[in-house]
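**Q** model the structure of this input:
(chains A and B)
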Amino acid sequence: MPDIRKLILRKFNYIAGSRYEEILKEYREFFLSEEEMEIPVISSILVAFDRFSGRPSDEFYDVITSYPGAIIRVVYLIDGGLFEVIRETLGESVAREFQQKETSFGKDFLKEVSKRFSELGLDFTAEIIFGDKASFVEEAMREYDLLVISKHFGSEGLKTYNITPLVFKIIQRVEKPVIVY
Amino acid sequence: MRILVLVDGSKWSQKAALHAFAIARSKRAKVILFSVLDRREARTIAFHASVRSGKLEDIKQFEETLWEENKRSIKELLTTLLEIGQNEGINCAFKIVEGPAKDRILEEANSGKYSLVVMGAYGKSGKTRIGSLLEEVVGNIKPPVMIVR
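**A** Now for the predicted structure:
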């Protein structure tokens, strides 16, 4: 790769003259550092689904194949907090029924996604996770290079938002690239 | 596959271009570097700076200077990014349009020509908060959007 830093900063160097280094230091938040110029290799991807995610589009599958050789962890998340609320208010049996239905839905969803991933020759694992969705994704993303998530993740009905507040919260907190579809 | 990169001049948008080039290498995709120039930006800066400095009589000339500088500056950045992409053997081009950023971005991104849109998480104000443009557009863009940090 050519010296990108030099290419991008050459105009600034010309304008700032002898004060170039000093200004570069003081305003470094606006300039790409040498480390930032090196785009990290994406070798691991977390794909997070839930019941609101909807069926992934062909474009989703096209994008996911952009990183050949990457290890992909596919998770289907079920809201553990909601399970607790149901258990406390409607009782254990209703909560268990909710859990079974959600798990069944999740299994079918993952089966369909796994089939497509296998057809594409992707290296992946798929599992159902029961817990707090945002916390799980944020925590898990410490070990992955890229997050792929639906803009509908976390809630249904997007009358005021075309992207859910939960997805925005995740985008704000995850310090890695995120693909929202 | 065609990838649209939103370039606003910030370092985050430059990183977005580099990410797009990485994907383009893998997918043999075409990359379009896209910038929107909004005259209101130059107008706003010219007004407030002129009021503060007490030089309102020069405001029109100042606005024009800022506007021309914005155009020249973004074209230079896009040319540089284009050069980087082409040196990497990537099929890329750039496009500059004028008008309200949100409207022009949504028109282009949702034109049906792109499989992926890549943009920075932050804007020209730096890493203070998620860019306001991101909040405005990401939910309304039909293709998948890659947000780069």
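**Q** which one of the residues in chain A is closest to chain B?
**A** Going by CB to the nearest CB, chain B is nearest to A:Asn162 of chain A, at 2.9 Å. Glycine gets a C-beta too; all of them are placed from N, C-alpha and C.
**Q** what's around that residue, how many residues?
**A** Other residues within reach of A:Asn162, judged by other CB atoms under 10 Å in any protein chain shown, total 13.
**Q** what of A:Ser66?
**A** A:Ser66 has 23 neighbouring residues, counting by other CB under 10 Å.
**Q** that one sits in which helix or strand?
**A** If you go by DSSP states H and E, A:Ser66 is not part of any helix or strand.
**Q** so it sits against B:Ile23, correct?
**A** Yes - judged on CB atoms under 8 Å, A:Ser66 makes contact with B:Ile23 at a distance of 4.6 Å.
**Q** follow-up on the earlier one: test my guess that the residue of chain A closest to chain B contacts B:Val137.
**A** No - between A:Asn162 and B:Val137 there is no contact under CB under 8 Å: 9.5 Å.
**Q** any idea how far the residue of chain A closest to chain B is from A:Glu21?
**A** Here A:Asn162 is placed at a distance of 44 Å from A:Glu21 (CB to CB, to the nearest Å).
**Q** circling back to that earlier point, next, show the common contact partners of A:Ser66 and B:Ile23.
**A** Shared contacts of A:Ser66 and B:Ile23 (CB atoms under 8 Å, 6 or more residues apart in numbering or on different chains): B:Leu116.
**Q** who in chain B is up against chain A?
**A** Proximity of chain B to chain A (CB under 8 Å from any CB of the partner chain) is limited to residues B:1, B:10-11, B:14-15, B:18-19, B:22-23, B:26-27, B:73, B:76-77, B:80, B:83-84, B:87-88, B:115-116, B:121, B:124, B:126-127, B:129-130, B:134-135, B:138-140, B:143-149.
**Q** make a PyMOL selection of the buried ones in the residues you listed.
**A** Filtering the residues of chain B next to chain A down to the buried ones (16 or more other CB atoms under 10 Å in any protein chain shown) takes a single PyMOL command:
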select buried, chain B and resi 1+10+11+14+15+18+19+22+23+27+77+80+84+88+115+116+121+127+130+134+138+139+143+144+145+146+147+148+149
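**Q** looking at the residues of chain B next to chain A, which are in helices?
**A** Within the residues of chain B next to chain A, residues falling in helices by DSSP state H are B:11, B:14-15, B:18-19, B:22-23, B:26-27, B:73, B:76-77, B:80, B:83-84, B:87, B:134-135.
**Q** so how far is B:Asp8 from the one residue in chain B that gets nearest to chain A?
**A** Closest contact between chain B and chain A, by CB to the nearest CB, is at B:Gly139 (2.9 Å). Using CB to CB, we find B:Gly139 at a distance of 18 Å from B:Asp8.
**Q** likewise for A:Lys133?
**A** Computed as CB to CB, the A:Lys133 to B:Asp8 distance reads 31 Å.
**Q** just A:Asp58 next, same as before
**A** 29 Å.
**Q** neighbour count winner among the two?
**A** When A:Asp58 and B:Asp8 are compared for neighbours, B:Asp8 comes out ahead with 23 against 9, by other CB under 10 Å.
**Q** my read is that the residue of chain B closest to chain A contacts A:Ile163, right?
**A** Yes - counting by CB under 8 Å, B:Gly139 touches A:Ile163, with 3.6 Å between them.
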